[in-house]
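Colleague: I would like to see how this sequence folds:
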Amino acid sequence: MRVTVVSSLDAFSRQKACAALAAASPDALVVFHDLLEDGLVIRRTFKEGRRLEREESVLEHGCLSCTVRLDVVPTVKRLLTAGSRLLLGLPPGVAGSTAVQALLRGLGGAFTIDSVALACAPDAVEDQIWDRHSLFESGFTPVPEDERTPGEFLMGELSFGDTVLLADPALVPVDPEARARGIQLIRELAPHAVVAESAGDIRPGRHNLAEAMARTVPGSVRIPAESSSPFTTVVQRIGRPLHPERFRHALASLAEGSCWLRGRLWVASAPDCRIAVQGIGPRVWLENTGPWQAQRHPLLAAFPAEHPDVVLDWHPEFGDRGTVLAVTGDDVDAAEIAALLTGCELTEAEMASGPGALNDPFDLNRTTETTQRSNP
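Modeller: Okay, here's the model as predicted:
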C-alpha cells in the first residue's frame, strides 16, 4: 500500500487538502483522525465520497503521540490489504515525522510512504510563525502540555515534508496580498518542497526518508538556490570560536525580524561542543548536540558523516568546528549580520588565553540542555 501523510494545524485545511487528493485518486481510502478533549479519538474512513466507518475510542493518556501509536498505526495496519493507496489525515498538530517513524516502527516495510504533505492556508503562515502562544493556547490541540508554538510545528513540517498543499478554509475570507506573500515565504522556507495549488500539481513518490531526516538534524543548514522576494536567506560562516558574552548580546539582534534562524555555533566557553541554534518567530533556543565530529573522528573528511553538512564545511585545521548561521526574513541585511557575527569572534589575544577565563552564560556544557529566549 502507498500512503500519503497529510499534516496540518487546523482540520479545515486538512479536510480541503484531502478532498482534493481523493478527487485525484478516486480509488484511495481516506482516513481522518481527530483528538478531542478528555482523550476522545474520532476516526472516520471514506472511499469514493462514502463514509465506510466512524469509530470513537478514549485514550487513558490523551496526547498526540499516543493517538498515533494506539490508533493511527493499528488503523493503517488493518487497512493494508484494503486498497492500493491510503490518504492519512493526521490530527491537527501531529507532526508528519512522528507519524512516519511510528508507522515504520510498527509496520516495517509493509507499506510505502508516497508523500508527506503539509496542508495550510498560505495567508495565515506568517502570523502563525510569529504566534507566541502554545498550540494549546492558540486552540490547535486539546493537549495543555503541548508547549510547541504554531511556528515550531510549521517549521518542522516544512523541513520534513516534501509537499505543501495550499488549502484555504472555505469559511475564512482570503486576503490575496497576504496569500501571495505567504506562498513566497513558504517557498523560501522549504525550497525542496513542491508547493501545490491543486492535487494535480503533486508528484507521487517524492518522499525520501533519509533526505527528510537530514533536513531536520539540529544545526543543519539548507538554503534556497534563489530567494523569493521580499524574503531572503543570508548564510554567514565564522571560522573562530565566538565570545559567549558578545554573542549573547548579538543574538537578540540576529533574531529580531527573522522568521527562521538556524545553524550551528562554535562557542569559546564550550569549545568541544557542537551547539545547534534555532529561532522560529518569537522563540530562540540553543542546544548542545554533543562533541564535534572532528573530535570523535579526526579523519572524518575522508568518510561519510553523521551530519550531512560536515564534509562540505570541513576545515584542514579545525575540522567541522566553526559557526554556520542562516537567517531568513523580510529584507534581511547581510552586511549587518556579517558585522554582528564577526564582532563575536575571539581576538588573537583571546584565542591565546584559552577558554578557561570565559563565563558560560548559556550553560552550554551540558548535552541536550536547551536555553530558550524570546525576541524583544
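Colleague: all contacts plus neighbour counts: C-alpha atoms, from now on.
Modeller: OK.
Colleague: please, where are all the strands along the stretch 101-250 of the chain?
Modeller: Remark: strands assigned in the stretch 101-250 of the chain by DSSP state E, counting those that start in this stretch are 112-120, 163-166, 194-196, 231-238.
Colleague: is it true that residue 97 lies in a strand?
Modeller: No: read with DSSP: H, G, I helix; E, B strand; the rest coil, residue 97 is helix and lies in no strand.
Colleague: right, and it touches residue 159 too?
Modeller: No: using Cα atoms under 8 Å as the test, residue 97 is too far from residue 159 to be in contact (9.8 Å).
Colleague: for residue 16, which of the strands of the stretch 101-250 of the chain is the nearest?
Modeller: Of all those, it is strand 112-120 that lies closest to residue 16, at 8.4 Å by Cα to Cα.
Colleague: ok, residue 213 - contacts?
Modeller: Going by Cα atoms under 8 Å, 6 or more residues apart in numbering, residue 213 touches residue 160.
Colleague: ok, it to residue 148 distance?
Modeller: From residue 213 across to residue 148, the span is 20 Å (Cα to Cα, to the nearest Å).
Colleague: same question, residue 234
Modeller: 26 Å.
Colleague: so for those two, which sits in the more crowded spot?
Modeller: Shown here are residue 234 and residue 148; by other Cα atoms under 10 Å, residue 234 has more neighbours (19 against 15).
Colleague: my guess is that one contacts residue 331. True?
Modeller: No: taking Cα under 8 Å as the definition, residue 234 is not a contact partner of residue 331, at 10.0 Å.
Colleague: now for the two: what residues contact both?
Modeller: Common contacts of residue 234 and residue 331 (Cα under 8 Å, 6+ apart): none found.
Colleague: first-to-last residue distance for stretch 81-94?
Modeller: Note: stretch 81-94 ends 25 Å apart using Cα to Cα.
Colleague: which residue ranges of the stretch 201-350 of the chain form helices?
Modeller: Remark: helices assigned in the stretch 201-350 of the chain by DSSP state H, counting those that start in this stretch are 209-215, 244-255, 293-296, 334-342, 348-353.
Colleague: which one of these has the poorest average confidence?
Modeller: Among those, helix 293-296 carries the lowest mean pLDDT, a mean of 74.
Colleague: how about it: buried residues?
Modeller: 293, 294 (16 or more other Cα atoms under 10 Å).
Colleague: then stretch 45-55?
Modeller: Across stretch 45-55, burial judged by 16+ other Cα under 10 Å covers 45, 46, 47.
Colleague: closest to residue 154 among those?
Modeller: Using Cα to Cα, these come closest to residue 154 at residue 45, 25.9 Å.
Colleague: and that closest one, that's in a helix?
Modeller: No: counting by three-state DSSP, residue 45 is not part of a helix but strand.
Colleague: okay, the closest residue to residue 147 other than its chain neighbours and residue 218: tell me how far apart.
Modeller: Leaving aside its sequence neighbours, residue 147 sits nearest to residue 134 (Cα to Cα, 6 or more residues apart in numbering; 5.0 Å). Distance of residue 134 to residue 218, given as Cα to Cα: 21 Å.
Colleague: in the stretch 251-376 of the chain, mark out all the strands, start to finish.
Modeller: Under DSSP E, counting those that start in this stretch, the stretch 251-376 of the chain gives strands at 258-265, 273-280, 283-291, 323-330, 370-374.
Colleague: save those strands as a markdown table, and put in distance to residue 16 and mean neighbour count too.
Modeller: Formatted as a markdown table, these follow (distance: least, Cα to Cα, whole Å; neighbours: other Cα atoms under 10 Å):
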| stretch | distance to residue 16 | mean neighbour count |
| --- | --- | --- |
| strand 258-265 | 27 | 24 |
| strand 273-280 | 27 | 26 |
| strand 283-291 | 30 | 21 |
| strand 323-330 | 29 | 23 |
| strand 370-374 | 34 | 15 |
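Colleague: those: which one's closest to residue 102?
Modeller: Closest approach to residue 102 among the strands of the stretch 251-376 of the chain (Cα to Cα): strand 283-291, 23.4 Å.
Colleague: which strands or helices does the closest one pack on?
Modeller: On a contact count with 3 or more Cα pairs under 8 Å, 6 or more residues apart in numbering; DSSP states H and E, strand 283-291 meets strand 273-280, strand 370-374.
Colleague: by mean pLDDT, which helix or strand of this protein comes out lowest?
Modeller: Sorting the helices and strands of the chain by mean pLDDT, DSSP states H and E puts strand 370-374 at the bottom, at a mean of 46.
Colleague: next one: phi and psi at the nearest residue to residue 42 once chain neighbours are set aside?
Modeller: Using Cα to Cα, 6+ apart and skipping the chain neighbours, the partner closest in space to residue 42 is residue 56 (4.6 Å). For residue 56, the backbone dihedrals are phi -120, psi 140 (criterion: degrees, to the nearest 10).
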